[in-house]
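1. Structure for the following, please:
(chains A and B)
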Amino acid sequence: MWLDVKELDARKADIKALALPLLGVTLLGVLLRLYGISSQPPLHDEVSAAFSAVQYMENGQFGPTMWYHPNLRNIVLYALGEAFGYGPYAMRGFSLLAGILSIPVVGLILYALTGNRAASVLASFFLSIEQVHITFSRQAIQETWTTFFFLLGVLLAVLYYKKDTPLLLIFSGIAFGLGISSKFHAFFPLLVSLGAGLYLSFKARSASRCVFVLSCLVFIPAAVYILTFLPWFGRGYGLIEWIGMQKTLLTKMMTHRGNPMDQVIDIRAWQWFLRPMGYANFTYSGGAPHVTVAFSSPVVWLLVLPSVAALTWRLREKSREGKEGIAFLLMLFLVSYLPLAASPRPIWLLSSLAVLPFALMAVALEAARWGRKALAGYIVLALLSSLALYPMSMGKAKSYAYLDGIVERFKPPHP
Amino acid sequence: MFEVMRNVRSSKTEFLLSRLPERGVLTKAIFSAGVLLFFSLTLISLEAYGRNSRASGIGHPLDSHQMVIASVDYPEEAYLLWKNTGYKGRVVVSLSSRLNFVHTENNALIPQEVSSFPVTVHNLPAEAEKGLNAKNFLFAAMKTGVAREVISILPEAVFREKQDYTGAEEGVRVLKGRIEVPFFGSPRTITAMPYFKSPGEPVLLFINASFFRGHEPEEVFRGLVNTALTADYVVLCRSFDDPEVGDADRERLRSFEMLLRGGT
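-> Got it, this is the predicted structure:
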């Protein structure tokens, strides 16, 4: 439910009451993301990302790894690497920060949309213990960055729609710009937030609001995005060539079939919420293999589609509280998920972070309706399943026999 | 605790923007104008920055006989000449029977296994330059930023063969008269003389003797002049690296040089 600004002001005490549990689940998330981070050996993706950062910043050229993705990762990794050395904290620092900050932001979005404090804390809790999110928070690639920036963009846009404070939407546009400069997945929540803004402006019959929404959610993200190509322009290119290059990137993204060493299982996004899936990386350190697997916890993921269906069903109720907020959340989920689910090219599980926060919000909203005992039991179950999968986030999947079944699934085929 | 939290609900059900009295119409108008101005300035600045990042000489039509012309024995010397002259961000047009674009560095230089931090990172273009040779000099030019675009004009027979053998690779487009093979987002085109179109700016022109196995000097010269191609620097390569290039090809190259210099 969308909260009135007066109501928000009047309920500062209530928000304070939200802050404490959010802080608690965030601290839990900090612990899970930072534990053993410096002893986790670098993955090939991370090493390649460092090489790509240097090449981009010093020569303006994309690649060699993930060259079709936008370039914020190159800029930030290079800045941190050159300032502090390419150590674990410099390289993984931004992923960790983005991963950790995403935890309270998820709760704040849901609270702003529904006013449901229990569900908001639950959503943050789910993200805090989410094994896929933990895994990529511990890697020097852009997955958690994208998620954080589009979540921040959504939160600021929603707050603007409540408070009508222009600066909020300007910062929302910057956040979305940084999101699409990390990975194009941020485009989908941007599209929904823009659509909501235009819808509200038309509803209020306000041309100035409409123009302002367009300025902030079209031109600011576009300006931020194009500015991250500054080193590329330094190679002598002009705007026409930039447009041609964007077509090349888009073509590559639409048709990318993976690299020879990429895993060939668990590559269909439409299956994400129907069965447990994973994304694995292998590396050697100290003569021993280290296997990192991002693996979806069935305890939470299998509830996503039923929760979305239940929320959609209940939208029919005329007296449904927070109807528009929930409709907005469902749009965020569907618009972010359906293009990936329908894609004919392989979509690996790391892309699920583009959808997961909205999926977790839906589960949280439904779980918050359960009885106290059922909810407590579910929370314990979710936590236990996450802890059971946790060693795989740290590259220690091979150290625990009970995880062998999962690790074997991702064993690369021998030539 | 959860019971208490569940009870905290709001009664409002609408997006409030549509219900709030609008405030700051002027502020929004100013912000909107500021954003549009910022966006426009960003585009203009990037265009200017890109163009100003190019380092080139003065372009001349090929029949003006005013270009700087250099002759080399090996293809990679062309790269060194461009580099040492300070060229940057250029369109390179190569006429040769070979593509000279063999990738050399990524897999060899990025370690497959790094056991611990900190990661030692090399500058890949600088490393590519160390392995400079006849097969990769255009690749090195693209990597180091001497070239921002490479257009390879092949003898027609060689081009047709490439067209036939170019499969449905990711990102590769086989079109009528040209194959587009972008290199990590940088434009790269393979074509043949009848299909070549001048890029509309002065180019670095590289002509290998191997090209004259399929073409006569006069024909090549007229063909290039007719496209209105302009260049500021031409490198003619006798290509002693290539066993398939014979004295007759080198003699044709010499004749081509005479045409460029205005002799007969």
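
2. domains for chain B, by residue range?
-> B:23-49, B:56-261 (automatic domain parsing).

3. Return the most buried member of those domains.
-> Of all the domains of chain B, domain B:56-261 has the most neighbours on average by mean count of other CB atoms under 10 Å in any protein chain shown, namely a mean of 19. C-beta: built from backbone N, CA, C; applies to glycine.

4. who's in contact with residue B:155?
-> B:97, B:192, B:211, B:213, B:214, B:215 (CB atoms under 8 Å, 6 or more residues apart in numbering or on different chains).

5. now those as TSV including distance to chain A and pLDDT?
-> Listed next are the contacts of residue B:155 as TSV, based on distance: CB to the nearest CB, whole Å; pLDDT from 0 to 100:
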residue	distance to chain A	pLDDT
B:97	27	96
B:192	22	96
B:211	26	96
B:213	33	89
B:214	30	77
B:215	29	90
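
6. Tabulate those residues (CSV), appending distance to residue A:334 and secondary structure.
-> Below are those laid out as CSV (distance: CB to CB, whole Å; DSSP: H, G, I helix; E, B strand; the rest coil):
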residue, distance to residue A:334, secondary structure
B:97, 54, coil
B:192, 49, strand
B:211, 56, helix
B:213, 60, helix
B:214, 57, coil
B:215, 59, coil
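
7. Got phi/psi on residue B:205?
-> Residue B:205 adopts backbone torsions of phi -100, psi 130, taken as degrees, to the nearest 10.

8. How confident was the prediction at residue 175?
-> No chain specified, so I'll use chain A. We have a pLDDT of 98 for residue A:175.

9. Correction: the question concerned chain B.
-> 89.

10. Which parts of chain B are strands?
-> Applying DSSP state E to chain B gives strands spanning B:60-61, B:68-72, B:90-95, B:147-154, B:173-175, B:178-180, B:188-192, B:203-208, B:230-237.

11. between these, which gets the lowest average pLDDT?
-> When I compare the strands of chain B, strand B:173-175 is least confident, with a mean of 88.

12. Direction included, what does that one pair up with?
-> Its sheet considered, strand B:173-175 pairs with strand B:178-180 (antiparallel) by DSSP bridges.

13. What is the distance between the strand it pairs with and the centre of its chain?
-> The chain centre lies 13 Å from the centre of strand B:178-180; the measure is CA atoms, centre = their mean, to the nearest Å.

14. and what of stretch A:32-42?
-> With CA atoms, centre = their mean, you get 20 Å for stretch A:32-42.

15. Next: stretch A:303-320.
-> The answer for stretch A:303-320 is 23 Å, by CA atoms, centre = their mean.

16. quick revisit: of the domains of chain B, which is nearest residue A:409?
-> domain B:56-261 (22.2 Å; CB to CB).

17. Ends of that closest one, what's the gap?
-> Start-to-end span of domain B:56-261 (CA to CA, to the nearest Å) is 20 Å.

18. now chain B, which segments are flagged as low pLDDT?
-> Across chain B, the ranges flagged by pLDDT under 70 are B:1-21, B:104-108, B:167-168, B:263-264.

19. Grab the longest helix from it for me.
-> Identified as the longest helix of chain B according to DSSP state H is helix B:25-52.

20. Taking strand B:147-154 as reference, get the angle to that one.
-> On the basis of axes from the mean of the first three to the mean of the last three CA atoms, to 10 degrees, helix B:25-52 is oriented at 50 degrees to strand B:147-154.

21. Can helix B:25-52 be said to contact chain A?
-> Yes - against chain A, helix B:25-52 shows contacts by CB under 8 Å from any CB of the partner chain at B:25, B:27-29, B:31-32, B:35-36, B:38-39, B:42-43, B:46-47, B:49-51.

22. Which elements pack onto that helix?
-> helix A:166-180, helix A:207-214, helix A:220-227, helix A:230-233, helix A:239-255 (3 or more CB pairs under 8 Å, 6 or more residues apart in numbering or on different chains; DSSP states H and E).
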